[in-house]
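Student: quick one, fold the following:
(one chain, ligands or ions: 1)
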Amino acid sequence: MSALETPPPATYDSAFLKACRREPVPHTPVWFMRQAGRSLPEYRKVREGIPMLESCARPELVTEITLQPVRRHNVDAAIYYSDIVVPLKAIGIDLDIKPGVGPVVEHPIRTRADLAQLRDLTPEDVPYVTEAIGLLTRELGSTPLIGFAGAPFTLASYLVEGGPSRTYENAKSMMYGDPELWADLLDRLAEITAAFLKVQIEAGASAVQLFDSWAGALAPADYRRSVLPASAKVFQAVEGYGVPRIHFGVGTGELLQLLGEAGADVVGVDWRVPLDEAARRVGPGKALQGNLDPTVLFASTAAVEAKTREVLDSARDLEGHVFNLGHGVMPSTDPDALTRLVEYVHTQTAR
Ligand SMILES: Cc1c2[nH]c(c1CCC(=O)O)Cc1[nH]c(c(CCC(=O)O)c1C)Cc1[nH]c(c(CCC(=O)O)c1C)Cc1[nH]c(c(C)c1CCC(=O)O)C2
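Tutor: Numbering: from 1, shown residues only. Reported below is the predicted structural model:
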């Protein structure tokens, strides 16, 4: 290293970042989508009486909740406790997260005039994010922090529908029926999302994950034409930071190649496609993340271990593998089953 170069951050040699960079690892790194909050009793205790979105704006609380699963499970990375709708709330969209329902939007976006609700996001809109990540990176030391955002399609699905949907009929009818309005909506969301990820990286996040959770509702040709350009814009906007970019959606077996093509360094895979087959679909030059079915954790320890072995066997020839569930931790999961799973993956893959 020359004197002009800055030294690498404390997280640089972590198993998680090495796996993302497709370098040899001491053991397969593990973290869980939705590891913060949800199944932990210590989470429910600190959240008592505090609405979800309010909890996201309190830096000390965000720090505590983000650290809880790291302390308890010995996972290889922390994920920033927040929600995909936080940047939308921050720019003044009237929305709330209703317990047991999810995000609900007061005035859904259906017309061109409604786009005026979507102004630019600046760091001043989310000072609590910068503050919480500063606190977190100090506490985490060599453990990387993953920042995240919702991808334009998944954000649009909530904004256009007004809440969670099974069919995305309003969003998809805009996409098919008014492609110009749709493209402008997704482009606005790409700008907001990119700005939000930049805030997190500049505050110290070591990697970012773009959640396009509901992209699996789309046929590949529609995804390529109507969604990929906006997600690619987000990935391009943060490329210069050099932090690994993870791209994930549920039910995306037919989209895996496109999720990589959008600009990801790591492609997240749900439990429906084995990792060796996923690697064939994604092609060379990318690491994969996944992909134990989250419901396996409700079975016996022996069954969890057998299914975990299947995942690890199918990952044997990958260029890089980050172990995760195929979607988020389910709220009724026994936290001890997660702790045991981390230990099992670490011991099975120790090199
Ligand atoms: C689609 C989506 C959302 N939010 C998110 C996604 C993408 C991930 C995925 O596909 O699951 C992302 C998210 N939401 C939350 C996190 C925290 C970090 C982590 O992964 O641990 C992350 C990464 C906290 C949360 N986000 C939410 C909770 C639960 C609310 C609570 O604890 O009161 C938490 C801890 C609420 C939420 N927020 C959202 C939904 C569908 C729900 C569930 C509603 C419910 O079941 O109550 C929108």
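Student: pLDDT averaged over stretch 37-50, what's the number?
Tutor: Averaging pLDDT along stretch 37-50 gives 94.
Student: for it, buried residues please.
Tutor: Neighbour-count burial for stretch 37-50, counted by 16 or more other CB atoms under 10 Å, picks out 37, 38, 39, 40, 43, 46, 47. Bear in mind the C-beta positions are built from the backbone N, C-alpha and C, glycine included.
Student: Three-state assignment for the residue nearest to the last one when sequence neighbours are not counted, please.
Tutor: Across the structure, with CB to CB, 6 or more residues apart in numbering as the measure, the residue nearest residue 47 apart from its sequence neighbours is residue 55 (5.9 Å). The three-state label given to residue 55 by DSSP: H, G, I helix; E, B strand; the rest coil is helix.
Student: distance check, residue 55 against residue 30.
Tutor: Going from residue 55 to residue 30 by CB to CB, to the nearest Å gives 25 Å.
Student: give me every residue in this structure lying close to the ligand.
Tutor: Contacts of the chain with the ligand, taken as CB under 6 Å from any ligand atom, map to 33-38, 52, 79, 81-84, 97, 99-100, 102-103, 148, 164, 211, 213, 328.
Student: list the contacts of stretch 134-146.
Tutor: 10-11, 13-14, 16-17, 31, 59-60, 62-63, 66-67, 70, 76-80, 133, 203-209, 246 (CB atoms under 8 Å, 6 or more residues apart in numbering).
Student: now do the strands in the chain.
Tutor: Here the chain has its strands, by DSSP state E, at 78-79, 95-98, 102-105, 145-150, 207-211, 245-248, 266-268, 287-292, 321-325.
Student: partners of the fifth one, with directions?
Tutor: Right, the one you point to is strand 207-211. strand 145-150 (parallel), strand 245-248 (parallel) (DSSP bridges).
Student: low-confidence ranges, the stretch 1-150 of the chain, go.
Tutor: 1-4 (pLDDT under 70).
Student: mind redoing it with 90?
Tutor: 1-9, 37-39 (pLDDT under 90).
Student: hmm, who's touching stretch 266-274?
Tutor: Stretch 266-274 is contacted from outside by 20, 33, 209, 216, 244-253, 256, 259-260, 275, 278, 281-282, 286-294, 310, 314, 320, 322, 324-327, using CB under 8 Å, 6+ apart.
Student: buried members of the residues you listed into ChimeraX, please.
Tutor: A single ChimeraX command selects the buried members of those (16+ other CB under 10 Å):
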select :20,33,209,216,244,245,246,247,248,249,250,251,252,256,259,260,275,278,281,282,286,287,288,289,290,291,292,293,294,314,320,322,324,325,326,327
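Student: need the contact partners of stretch 277-293.
Tutor: 19-22, 244, 246, 248, 253, 256-257, 259-260, 264-271, 273-275, 307-308, 311, 314-315, 317-326, 341.
Student: so how far is that stretch off the chain centroid?
Tutor: Here stretch 277-293 is found 16 Å from its chain centre; the criterion is CA atoms, centre = their mean, to the nearest Å.
Student: kindly check the end-to-end length of that stretch for me.
Tutor: End-to-end distance of stretch 277-293 (CA to CA, to the nearest Å): 16 Å.
Student: pLDDT of it, averaged?
Tutor: Stretch 277-293 comes out with an average pLDDT of 98.
Student: same check on stretch 330-347?
Tutor: 97.
Student: for the ligand, what is the nearest residue in the stretch 151-300 of the chain?
Tutor: As assessed by CB to the nearest ligand atom, the ligand sits closest to residue 213 within the stretch 151-300 of the chain, at 3.1 Å.
Student: what's the closest non-adjacent residue to the residue nearest the centre of the chain?
Tutor: What sits nearest the mean C-alpha location of the chain, by CA atoms, centre = their mean, is residue 209, with 3.9 Å. Residue nearest to residue 209 in three dimensions, not counting chain neighbours: residue 246, with 4.0 Å by CB to CB, 6+ apart.
Student: which residues does that neighbour bridge with?
Tutor: Counting by DSSP bridges, the residues bridging with residue 246 are residue 209, residue 266.
Student: you'd agree it is up against residue 212?
Tutor: No: if you go by CB atoms under 8 Å, residue 246 and residue 212 don't touch, sitting 11.0 Å apart.
Student: and the closest residue to residue 76 other than its chain neighbours, how close does it get to residue 88?
Tutor: Spatial nearest neighbour of residue 76, chain neighbours left out: residue 29 (3.6 Å); criterion: CB to CB, 6+ apart. Separation of residue 29 from residue 88 (CB to CB): 31 Å.
Student: residue 337: neighbour count?
Tutor: Neighbourhood size, residue 337 [other CB atoms under 10 Å]: 17.
Student: shouldn't it be in contact with residue 304?
Tutor: Yes: the criterion here is CB under 8 Å, and residue 337 meets it with residue 304 at 6.5 Å.
Student: could you tell me which residues touch both of the two?
Tutor: residue 297.
Student: who's in contact with residue 212?
Tutor: 150, 151, 153, 154, 227, 231, 247, 248, 249, 252, 259.
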